[in-house]
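**Q** sharing a model that was predicted from the sequence below.
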Amino acid sequence: MQRSPPQTTSQQIKFSSNPDLAESLRGNENANVNFRKRKQNYDDNQDAMLEIIEKKIDEKLNAWKSELDTSIATTIKNSMQIIIEQEMEKISLSFNKIFKHVNDRLDTIETSLCFATDRQDSFDARLTEAEIKFKENTGISSQISELQYKMDSMEQQARLYNVEITNLPERRDENLIAILEKIGSVIKYPIDTSSIVSIHRVPHFDKKNSKPKNIIVRFTTKILRNNFITAAKLAGALKSDQLSISGTVQNIFINEHLTVKNKQLFRMCREAAAKHKYKYVWIKNGTILVRQTDSSAIFAVRNEHDVKKIK
């Protein structure tokens, strides 16, 4: 029986345990541990450095941002200030123009007011002077009024023989004496041509009056005139168809012949009497008479001041 050959020394070395190898390996392990620790410390230091760098960058960026914000705000503020100053300058110029225009207008108004004041002062002075003269001439004015009244009375006295026929239609080639005789026949007061001094139409005082011209008849005596007027009033309303006058029927009126002034006064009396419910207003011998009722007193109206008595 064959046995395996014995192992050589080298094989023994190869497979036998080596205490130095373990120590060597332990040295390598310590080195790895130290390397890892150094690497970890390096990494930690690197992270810290990165963190510091990032922080510095953030601080720098924030500083730049703050500076940029400040710069932008300053730029905007300066721009807005410039724009505002420009607009304010424009507004100031516009207001200056407006104020100048207003001041010019005020100066013109002030000049006008001064002129008006001077004119008013002049008028006041002239009015005062006129009042003084009027007071000084009161006696003369009274005398003038009295003379005017006397002249009006004389003019009315000159018409005491006259009768005025109004609203009688006009015809070409009319015979006024024949018309008057016809009127006398209608009112039952026959007219003798020998009792007529004159008969004619007269123009109206108011040129715009389109009514027929009035007829003025002058009798030889005042008694004939009064009797004719009385007969006409007793006969009642007189109309144009009663006198055989063709056309639209017209009312014809027969009254005393008044002056223009007394006609105006008579119209004023009638208007005032109608307003204040007076019953009678009439004329007798050129004088206007007024009576409120049948039992009231009769009073004469000789001027406009007397018209105020009708109230």
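**A** Everything's here; your move.
**Q** cross-check the contact I'm expecting between I252 and N167.
**A** Yes. Judged on C-beta atoms under 8 Å, I252 makes contact with N167 at a distance of 5.6 Å. Bear in mind the C-beta positions are built from the backbone N, C-alpha and C, glycine included.
**Q** quick one, which of those two is more surrounded?
**A** Neighbour count, other C-beta atoms under 10 Å: between I252 and N167, I252 has more, with 23 against 14.
**Q** did I read that right, that one in a strand?
**A** Yes. Assessed by DSSP: H, G, I helix; E, B strand; the rest coil, I252 belongs to a strand.
**Q** who touches it in this structure?
**A** Counting by C-beta atoms under 8 Å, 6 or more residues apart in numbering, I252 touches 165-168, 183, 238-240, 243.
**Q** can you do 6 Å?
**A** Contact analysis of I252 by C-beta atoms under 6 Å, 6 or more residues apart in numbering lists 167-168, 238.
**Q** try Q156
**A** By C-beta under 6 Å, 6+ apart, the contact list for Q156 reads 259, 286.
**Q** buried stuff in the one helix or strand it maps to?
**A** Take DSSP states H and E as the rule and Q156 turns out to sit in helix 138-157. Using 16 or more other C-beta atoms under 10 Å as the test for burial, helix 138-157 gives 152, 156.
**Q** hang on, the earlier thing: now, which of the contacts of I252 sits nearest S142?
**A** N167 (39.8 Å; C-beta to C-beta).
**Q** that older thread, chain center to the helix holding Q156, what's the gap?
**A** Relative to its chain's centre, helix 138-157 lies at 47 Å (C-alpha atoms, centre = their mean, to the nearest Å).
**Q** got the CA positions of that helix in PDB?
**A** The C-alpha atoms that make up helix 138-157 are tabulated as PDB, following Å, rounded to 0.1, in the frame of the first residue of the first chain:
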ATOM      1  CA  THR A 138     -93.700 175.100  -6.800                       C
ATOM      2  CA  GLY A 139     -95.600 178.300  -6.900                       C
ATOM      3  CA  ILE A 140     -95.000 178.700 -10.600                       C
ATOM      4  CA  SER A 141     -96.000 175.000 -11.200                       C
ATOM      5  CA  SER A 142     -99.300 175.600  -9.400                       C
ATOM      6  CA  GLN A 143     -99.900 178.700 -11.500                       C
ATOM      7  CA  ILE A 144     -99.200 176.800 -14.700                       C
ATOM      8  CA  SER A 145    -101.600 174.000 -13.700                       C
ATOM      9  CA  GLU A 146    -104.300 176.500 -12.900                       C
ATOM     10  CA  LEU A 147    -103.800 178.300 -16.200                       C
ATOM     11  CA  GLN A 148    -103.900 174.900 -18.000                       C
ATOM     12  CA  TYR A 149    -107.200 174.100 -16.300                       C
ATOM     13  CA  LYS A 150    -108.600 177.400 -17.200                       C
ATOM     14  CA  MET A 151    -107.600 176.900 -20.900                       C
ATOM     15  CA  ASP A 152    -109.200 173.400 -20.900                       C
ATOM     16  CA  SER A 153    -112.400 174.900 -19.400                       C
ATOM     17  CA  MET A 154    -112.500 177.600 -22.000                       C
ATOM     18  CA  GLU A 155    -112.000 175.100 -24.800                       C
ATOM     19  CA  GLN A 156    -114.800 173.000 -23.400                       C
ATOM     20  CA  GLN A 157    -117.000 176.000 -23.000                       C
END
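**Q** list the helices and strands whichever helix or strand comes after it packs on?
**A** Moving toward the C-terminus from helix 138-157, the next helix or strand (DSSP H and E) is strand 162-166. Counting contacts by 3 or more C-beta pairs under 6 Å, 6 or more residues apart in numbering; DSSP states H and E, strand 162-166 packs against strand 214-219, strand 251-256.
**Q** got the residue ranges for the helices in this protein?
**A** Taking DSSP state H to define them, one finds helices in the chain at 9-15, 19-136, 138-157, 176-186, 222-235, 260-275, 304-307.
**Q** as CSV, those helices with mean pLDDT would be great.
**A** Output for the helices of the chain, formatted as CSV (pLDDT from 0 to 100):
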stretch, mean pLDDT
helix 9-15, 44
helix 19-136, 73
helix 138-157, 79
helix 176-186, 95
helix 222-235, 94
helix 260-275, 93
helix 304-307, 90
